[in-house]
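*Asks:* with the input below, show me the fold.
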Amino acid sequence: MNNCKKYLITALVFCAIVSLLSAQTVTAEKEAIADVGKQLLLQNEIFEGSYPEYTIDGKWLLVDEINWFAGFHGGSLWIQYELTGDSIYKELALKEADKLIPYQTLDTTHDLGFIFLPTCVKAYQVTKLDKYKNAALNAAKMLLKRYNEKVKFIRAWGKLGSPKRAGWMIIDTMMNLELLFWAYEQTGNKTFYDIAVQHANTAMKELIRKDFSSYHVIEFDPLTGNVLKKRTHQGFSDESTWARGQAWGIYGFAKAYNFTKDTAYLNTSMQMADYFLSKLPGDHIPFWDLDLSGNDIVRDASAGAIAACGMFLLNKLLTDSSDQQRYFNAAKLITNSLTKNYLFTNSNRPVEQGILLHTVYNHNKDKGVDESYPCGDYYYMETLSTKIKLEGIYDK
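*Replies:* All right, here's what the predicted structure looks like:
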């Protein structure tokens with residue numbers, strides 16, 4: 001009888017602790033949403049039509065020319081609107097989408113998905129206005145023009161027709177394929193779908209190593225298709241694994257499976273996630289390159305946020321309950337750590353204009369190292385929003 005009482009008391013204490021921790025997490029998330037909302041409004045005033053690149057000592061470096069980050073502020077505003085229902089964020093998000101419409105024929109980059117998915121596609125989903133749909137479709141058509149039929153990949157960088165880097169494929173492009181899949185759903189034009197699949201297949205073959213770590217860049221001969229070099233651009237070395245690149249692969253291949261139901265993509269995403277998780281330190285936030293570790297190595301919280309988004313998607317797509325729970329728990333631990341330890345509210349600096357701290361934009365060029373940048377802000381908001389929706393614990 002005494003043992004039964006002890007077990008009962010232990011169980012009750014355990015449940016009470018779990019309940020308390022859960023309540024503390026919910027409170028922290030509500031506070032984070034409120035703080036982020038204020039920060040987004042402040043950012044809107046700071047940007048004033050310019051485009052943010054990254055922070056320097058907590059202050060945004062702004063540029064006049066569009067960059068691959070251009071859609072993330074608008075995307076963050078949409079997420080905040082969904083979380084709070086406050087129409088001010090919707091109004092500002094629509095203005096961001098309007099600002100990007102003139103760039104629908106941008107011919108210098110593969111980053112059209114990053115630019116138009118969080119802004120014009122989202123604006124169209126909310127408003128049903130054709131101007132947003134048409135802009136995103138035209139951007140998808142520009143992405144098609146970057147496709148190399150001989151080698152079956154989408155060129156990453158460089159103006160169309162220019163020879164420089166004409167044969168470069170990068171892991172990041174896996175995320176931009178979603179724009180092509182969306183365009184196929186809107187138009188029924190299978191060219192969008194087929195090119196997305198062909199690129200994903202080439203990426204799976206050439207960018208993913210046998211242990212499911214990843215290369216950042218494959219350099220092809222654009223005329224013959226011969227692989228000239230497998231290399232990095234932002235990682236520590238050609239044979240190391242750049243943390244954000246691995247995260248792009250986790251999320252990008254999960255998205256590809258979501259649209260195609262090709263289990264090869266699902267397996268690739270899962271195996272890449274397992275590799276990523278095996279390299280995490282105690283607080284679940286990766287070092288900027290997964291082959292590095294130590295107290296003097298900076299973290300990349302943005303890579304953690306992106307990977308968590310991918311693992312939440314895996315949780316949704318998988319049917320095996322143990323796999324579902326495994327990736328949900330991993331994504332939850334990463335997201336909780338970001339909220340607790342990596343938000344701007346934890347900064348000791350006098351000025352902090354970003355949202356997610358301790359991110360790395362480009363370590364090799366010493367740009368945005370241990371700072372904030374728009375990609376990190378956006379994917380933190382996405383993973384936090386997804387976690388909240390999956391747990392069903394937050395009321396507006």
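
*Asks:* where do the strands sit along the chain?
*Replies:* For the chain, the strands identified by DSSP state E occupy 51-56, 59-63, 147-148, 153-154, 168-170, 217-220, 227-231, 359-362, 367-371, in order along the chain.

*Asks:* any idea which of these gets closest to residue 244?
*Replies:* If you check each of the strands of the chain against residue 244 by C-beta to C-beta, strand 359-362 wins as the nearest, at 7.6 Å. Placement of C-beta: from N, CA and C, glycine included.

*Asks:* identify the residues contacting the closest one?
*Replies:* Identification of contacts with strand 359-362 by C-beta atoms under 8 Å, 6 or more residues apart in numbering yields 53-54, 234, 244, 288, 298-303, 367-373, 375-376.

*Asks:* who's in contact with the nearest residue to residue 115 once chain neighbours are set aside?
*Replies:* Excluding the flanking residues, the one nearest residue 115 by C-beta to C-beta, 6 or more residues apart in numbering is residue 71, at 4.2 Å. By C-beta under 8 Å, 6+ apart, the contact set of residue 71 is 96, 100, 114, 115, 116, 117, 118, 119.

*Asks:* from residue 248, how far out is the residue positioned nearest the centre of the chain?
*Replies:* A centroid search over the chain (C-alpha atoms, centre = their mean) returns residue 306, at 3.8 Å, as the residue closest to the centre. From residue 306 across to residue 248, the span is 7 Å (C-beta to C-beta, to the nearest Å).

*Asks:* what of residue 310?
*Replies:* Note on residue 310: its distance to residue 248, by C-beta to C-beta, is 9 Å.

*Asks:* neighbour-wise, which of those two wins?
*Replies:* Set side by side, residue 310 and residue 248 show more neighbours around residue 310, with 30 against 26, by other C-beta atoms under 10 Å.

*Asks:* wait, the more buried one touches residue 257, no?
*Replies:* No - no contact is recorded between residue 310 and residue 257 when judged using C-beta atoms under 8 Å, the distance being 10.9 Å.

*Asks:* what residues do the two have in common as contacts?
*Replies:* Common neighbours of residue 310 and residue 257 are listed as residue 269 (criterion: C-beta under 8 Å, 6+ apart).

*Asks:* tell me how many other residues surround the nearest residue to residue 232 once chain neighbours are set aside.
*Replies:* Distances taken as C-beta to C-beta, 6+ apart place residue 216 nearest to residue 232, at 4.4 Å, with adjacent residues excluded. If you count neighbours by other C-beta under 10 Å, residue 216 ends up with 23.

*Asks:* what do you get for the one 3 residues further on?
*Replies:* Residue 219 has 17 neighbouring residues, counting by other C-beta under 10 Å.

*Asks:* repeat that for residue 82.
*Replies:* Residue 82: 16 neighbours (other C-beta under 10 Å).

*Asks:* next one: the one 10 residues further on
*Replies:* The burial count assigned to residue 92 is 21, neighbours taken as other C-beta under 10 Å.

*Asks:* just give the closest residue to it, not the sequence neighbours.
*Replies:* Closest residue to residue 92 in three dimensions, ignoring its sequence neighbours and counting by C-beta to C-beta, 6+ apart: residue 77, at 5.0 Å.

*Asks:* I figured the one you found was touching residue 97, is that so?
*Replies:* No - Residue 77 is beyond contact range of residue 97, at 9.6 Å (criterion: C-beta under 8 Å).

*Asks:* and for the two, which residues touch both?
*Replies:* Contact criterion C-beta under 8 Å, 6+ apart; no residue bridges residue 77 and residue 97 by contacting each.

*Asks:* quick one: the helices in this structure?
*Replies:* Listed from the start of the chain, the chain has helices (DSSP state H) covering 2-47, 72-84, 87-100, 112-116, 122-127, 130-145, 173-187, 190-206, 243-260, 263-278, 301-317, 321-341, 374-391.
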